[in-house]
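> what's the 3D shape of this:
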Amino acid sequence: MPPKTGYQNRIELLQGTLDLLILQTLQWGSQHGYAITNAIRANSQDLLQVETGSLYPALHRLEKQGWVKSEWRQTEANQRAKFYTLTASGKKRLLAERDRWSQMVTAITGVLDAVGNEG
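Numbering: from 1, shown residues only. Sure thing, here's the model as predicted:
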């Protein structure tokens, strides 16, 4: 079987992971949706591609939870866009989500590295 390339090589996000990635991206400063998508793609070496149909519902959900706030501003290209900013409660949520992610990675690694103790 030939190696996967381009779009086929992208990794599907686990449910709930997108929220963590958005919160992490906004920790670096206020951004509009397109910039958030680009940051996630660039920081994942193009493996994670967030589609518009997933990004904006997630942003609206995070805003409804009070973890991000938004305001309309002008972009560098002089276009009107909604910019999202991490709130204080969003920063707390990010820390909790990062801790949860670390626990998940540890748990999955434990299963992958198991030497056959099934019984």
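
> Name the nearest residue to residue 101, ignoring sequence neighbours.
Nearest residue to residue 101, sequence neighbours excluded (CB to CB, 6 or more residues apart in numbering): residue 20, at 6.0 Å. Every residue, glycine included, has its C-beta placed from N, CA and C.

> center of this protein, which residue is that?
By CA atoms, centre = their mean, the chain has its centre lying nearest to residue 21, at 1.9 Å.

> thinking again about what came up before, how much space between the residue nearest to residue 101 and residue 95?
11 Å (CB to CB, to the nearest Å).

> Looking at those two, which has the bigger crowd around it?
Remark: of residue 20 and residue 95, residue 20 carries more neighbours, 18 against 12, as counted by other CB atoms under 10 Å.

> What residues does that one make contact with?
94, 97, 98, 101 (CB atoms under 8 Å, 6 or more residues apart in numbering).

> and it, how far is that from residue 69?
In terms of CB to CB, residue 20 sits 18 Å off from residue 69.
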